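Colleague: Test case, fold it:
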Amino acid sequence: MAQDLSTLLSISVGAVLLDNGYDHHDALCSVGVGLCNRISYQWVVGTPIPQKRLAWVEGREDADANRRMYEAAAALGIALNDHGPYAHLREGFIATNIDLDEGFVDRMVTAVRSYDEPIDGMMTVSDSRLIGVARACEILGYPTSPSSAYALAGDKYRTRMMEPDAHGEFRVFGTDELEKVLQSTEVTYPLIVKPCLGWGSQAVTKVSTKDELLQAVEKACECHALGPQHRSDAVIESYIDGPEVDANFVLLNGEVIFCEISDDFPSPGDRDTQQSHNFVETMVHIPSALPPHEMKAVWDTLHQSILRQGFLTGTFHCEARLQYSSHEFREDENGVEDLYPKRSIDGNHGKSVRVYILEINARPAGYLETVGVNLVYGIDYFAQQMLFSINDELRFKALCHPFSNGPRYNLSVLVLQEDIAGIMKTEDAAAELLQRHPELRPHVPLYTTIKKKGDRLVGHQSSEVHLIAWMLVTAGKRRECLQWVERIRSNFCYEVEADPVSTEGL
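Modeller: Here you go, the predicted structure:
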């Protein structure tokens, strides 16, 4: 029997170990259904797949919190370029200065050429390094989108100006220029101010008065004035009052081979409160509750926006708002906030939904959202971007087939923000929450604690990113998932002590 099993395993792709606690017939049926759902494409190829070598520029400070990126590379047979808990996932490490200065591109080219084995591609998920890595790829002859396309996508003003519906937006290089513009230009509040060069919600502010506008422009212009890019310009645009969405695309030769849309719940700046005007994310829910025709509008509009910027292949994380949507975020009679049909659409004045692009990020979505999409749909954006970077079109296309039965469940990417400034006293607030409430654990497949004991908290009024932890929360139904989210929020707590730096001299 052992010999037969050994022979069988030698010609098998893999094996599944069944728990003795279950009926074997039912378990085998369940496994069969699960495999058919997951392997919904032609997954056997006629020729061996050669191992490729990929240079990954800048990883993450916390390897444990981002391990799935590197595990995807190992699973694809891609060798990444010491010792440590994840050393088995990489082949080597090239110590190189990756500071963003004038010599960055040359150093990347030199580092790759100095390696003692041939390298087949280079990639990064660092927003600030996308342009430079693309330029290095062009020099080395590696697969890449044009560096000019990355430069365009990284400029929020130029991105807006590429849109056919662009109107009313303007750019200034400081408050003096803003004062001159306001003398000849009538503006309608509220407005959004953001740095022309920026990532995420950095220094993005909603303003309702001229004084707030001046303060926000000063902050946005200072954001990167002393940085490597020396950018001191800010874009000012209308505030779009409507649902926000994240839309992730995988393109191959200009065609969409996968797209999913999720709901980006309101940020502090969306609410009628003086507490905070920032746009740090609070929660993203997968999949979206928008009606099909509005999701099609998002798909079509953003697809064309990506193409206009000069991209044809790769993974793209886009953000947009829907003006004149038939849905709105609000709380129901039980206090559950969600995207519901509007009570009245008279305010739309009979207009069709309009998709207003906020930004295009020519890289996979953030780590937790990418992991969330992988859990819900079976698509791994990190794996897709790696395959693009080594020009493996066969697997790039094959691995973009989602689960055949549709989304596995509902999933919320929950952001637990800071409420107060000070020094964190709690060892690990997220881990301690799950210890106190073990009933939450089956619904939290992954979490990351950003601020632990001894870390400085900046508080909700700061323009800095202020997160304590992220959690992925899952359930079969959307409403059930949102109820688990509220349970987590209501029970999440931590202790803070005074910051000796901020209180010095008082």
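
Colleague: so what's Phe388 up against?
Modeller: Shown in contact with Phe388 (CB atoms under 8 Å, 6 or more residues apart in numbering): Pro143, Thr313, Gly314, Thr315, Phe396. Bear in mind the C-beta positions are built from the backbone N, C-alpha and C, glycine included.

Colleague: ok, which pair from these is furthest apart?
Modeller: Taking CB to CB, the two most distant members of those are Pro143 and Thr315; they sit 13.3 Å apart.

Colleague: pLDDT below threshold where in the stretch 101-250 of the chain?
Modeller: Within the stretch 101-250 of the chain, the ranges that satisfy pLDDT under 70 run 199-200, 225-229.

Colleague: For the chain, which helix or strand comes out least confident on mean pLDDT?
Modeller: strand 78-80 (a mean of 73; mean pLDDT, DSSP states H and E).

Colleague: Could you point out the helix or strand that follows it?
Modeller: Per DSSP states H and E, the first helix or strand lying C-terminal to strand 78-80 is helix 104-114.

Colleague: other SSEs contacting that following helix?
Modeller: Counting contacts by 3 or more CB pairs under 8 Å, 6 or more residues apart in numbering; DSSP states H and E, helix 104-114 packs against helix 130-140.

Colleague: As PDB, could you dump the C-alpha coordinates of the helix it packs on?
Modeller: Only the C-alpha atoms of helix 130-140 are listed here, as PDB (Å, rounded to 0.1, in the frame of the first residue of the first chain):
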ATOM      1  CA  LEU A 130       7.600  53.400 -10.300                       C
ATOM      2  CA  ILE A 131       8.900  56.000 -12.800                       C
ATOM      3  CA  GLY A 132      12.600  55.300 -12.000                       C
ATOM      4  CA  VAL A 133      12.200  51.500 -12.200                       C
ATOM      5  CA  ALA A 134      10.400  51.800 -15.600                       C
ATOM      6  CA  ARG A 135      13.300  54.000 -16.900                       C
ATOM      7  CA  ALA A 136      15.800  51.400 -15.700                       C
ATOM      8  CA  CYS A 137      13.800  48.600 -17.400                       C
ATOM      9  CA  GLU A 138      13.800  50.600 -20.700                       C
ATOM     10  CA  ILE A 139      17.600  50.900 -20.500                       C
ATOM     11  CA  LEU A 140      18.000  47.200 -19.700                       C
END
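
Colleague: Show me what counts as buried in the helix or strand following it.
Modeller: Per DSSP H and E, helix 130-140 leads on to helix 147-153 as the next helix or strand towards the C-terminus. Within helix 147-153, the residues that qualify as buried are Ser147, Ala149, Tyr150, Ala151, Leu152, Ala153, counting by 16 or more other CB atoms under 10 Å.

Colleague: Contacts for helix 147-153 next, please.
Modeller: Around helix 147-153, the neighbours that count as contacts under CB under 8 Å, 6+ apart are 130-131, 134-135, 138, 158-159, 162, 309-311, 359-362.

Colleague: if we go to 10 Å?
Modeller: Under the criterion CB atoms under 10 Å, 6 or more residues apart in numbering, residues 105, 127, 129-139, 144-146, 158-159, 161-162, 305-312, 314, 316, 318, 359-363 lie in contact with helix 147-153.

Colleague: how close does Lys219 get to Thr282?
Modeller: Applying CB to CB, to the nearest Å, the value for Lys219 to Thr282 is 21 Å.

Colleague: Repeat that for Gln384.
Modeller: The gap separating Gln384 from Thr282 is 27 Å, by CB to CB.
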